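Engineer: give me a model of this one.
(chains A and B)
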Protein chains: 2
Amino acid sequence: MNDSEKEKGLVIVYTGDGKGKTTAALGLLYRASGYRMRSLMIQFMKGRMHSGEREAATRDSNGLVTIVPLGEGFTWETKDAARDRAVAQQAFEYARSEALSGKYDLVVLDEINIALRYNYIDVAQVLALLDERPFHQNIVLTGRNAPEALLERADLVTEMKMIKHPFEKGILARKGVDF
Amino acid sequence: MNDSEKEKGLVIVYTGDGKGKTTAALGLLYRASGYRMRSLMIQFMKGRMHSGEREAATRDSNGLVTIVPLGEGFTWETKDAARDRAVAQQAFEYARSEALSGKYDLVVLDEINIALRYNYIDVAQVLALLDERPFHQNIVLTGRNAPEALLERADLVTEMKMIKHPFEKGILARKGVDF
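Structural biologist: Sure, this is the predicted structure:
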């Protein structure tokens, strides 16, 4: 089908303090891959630590799912905000050029809301990307404290609200569940 | 490693009126498959309609992810509650025997909370399964209106809260996003 027959892509925001934001975005990647749609997740907070999702993307997704960790080097408890902004900006520029490349039906900017919260990325930059992206592209933005302007622009917003968290009981992060 | 060295599995509940509950559970299946953990999702509401997640599970998961739709025949607007309870009970018995088989590291009972809400399945049956299941098995229960007794028993509860829903804007369910 040609572009004019494609449906307009959705802007989806998963925010809130509960667990499941990144995990829901992963579910979207997985579901999309079932229809041979191509998707990309840029991880703004995660470094190159081993993760189940990247293993699965590399091994089992027929090249349909790409997950790129670009959070290495961020500290979020920085003593050098200028440097951290530069790193976040570099990550955003990469995400932007990939989103605009036309290669992807679905793009996830994982934990970008945190970078917005710290003013490492400006909400105006994100809103501009939402306007510029391919017509049919679904785009997902995750992370707590999504800015108001992004919520207004979104088609779908879910707040993941923490009711009970296993860390409260002293249960540590689990391989295959948390990462 | 032997069973005594394995960590105790978590009981995870995704509830609330927002989108992302089933999708987050799918993300867990995908992440777990990256570590070659075996997982099973029983869909209590979905019938055999085409879905991206089942396509991906069949084609790309190396047999690690199994998704079984058992919701066919439920109407939830029934004129024959006895029949619908019988169908739900049959689905639960299947889920139970698979969960107890020892084959799975992760089991998702998708939308089971709806069946609990309609009293097609009793919460005591579910609590008994949580006690009986293999020690290391993670189990995820989704659907709005999770009963209080289940929330008390869970290790992790996230409420997916609807802030904005695309159906409000007249946007229909999307292939690759919603199913």
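Engineer: give the contact list for A:Ala57.
Structural biologist: Neighbour list for A:Ala57: A:29, A:65-67, B:34 [criterion: C-beta atoms under 8 Å, 6 or more residues apart in numbering or on different chains]. (Glycine included, C-beta is placed from N, CA and C.)
Engineer: could you work out the most separated pair of those residues?
Structural biologist: Spanning the widest gap among the contacts of A:Ala57 are A:Thr66 and B:Gly34, at 14.1 Å by C-beta to C-beta.
Engineer: who's more crowded, these two?
Structural biologist: Ranked by neighbour count (other C-beta atoms under 10 Å in any protein chain shown), A:Thr66 and B:Gly34 place B:Gly34 first, with 24 against 19.
Engineer: residues in contact with the more buried one?
Structural biologist: With C-beta under 8 Å, 6+ apart, B:Gly34 has these contacts: A:51-57, A:59-60, A:176.
Engineer: how near is A:Asn113 to chain B?
Structural biologist: 13 Å (C-beta to the nearest C-beta, to the nearest Å).
Engineer: can you verify that residue is assigned to a strand?
Structural biologist: No: read with DSSP: H, G, I helix; E, B strand; the rest coil, A:Asn113 is helix and lies in no strand.
Engineer: without its sequence neighbours, what residue ends up closest to it?
Structural biologist: A:Gly143 (2.9 Å; C-beta to C-beta, 6 or more residues apart in numbering or on different chains).
Engineer: A:Glu111 is in contact with that neighbour, correct?
Structural biologist: Yes: with contact defined as C-beta atoms under 8 Å, A:Gly143 counts as touching A:Glu111 (4.3 Å).
Engineer: find the residues that touch each one of these two.
Structural biologist: In contact with both A:Gly143 and A:Glu111: A:44-45, using C-beta under 8 Å, 6+ apart.
Engineer: A:Val65 - nearest residue in space that isn't next to it in sequence?
Structural biologist: A:Ala57 (4.2 Å).
Engineer: can you show me the CA trace of the strand or helix carrying the one you found as PDB?
Structural biologist: If you go by DSSP states H and E, A:Ala57 is part of helix A:52-60. What follows is helix A:52-60, C-alpha atoms only, in PDB (Å, rounded to 0.1, in the frame of the first residue of the first chain):
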ATOM      1  CA  GLY A  52      16.800 -10.000  28.100                       C
ATOM      2  CA  GLU A  53      15.100  -7.700  25.600                       C
ATOM      3  CA  ARG A  54      18.300  -7.000  23.700                       C
ATOM      4  CA  GLU A  55      19.100 -10.700  23.700                       C
ATOM      5  CA  ALA A  56      15.700 -11.500  22.200                       C
ATOM      6  CA  ALA A  57      15.900  -8.700  19.700                       C
ATOM      7  CA  THR A  58      19.300  -9.900  18.500                       C
ATOM      8  CA  ARG A  59      18.400 -13.500  18.300                       C
ATOM      9  CA  ASP A  60      14.700 -14.000  17.700                       C
END
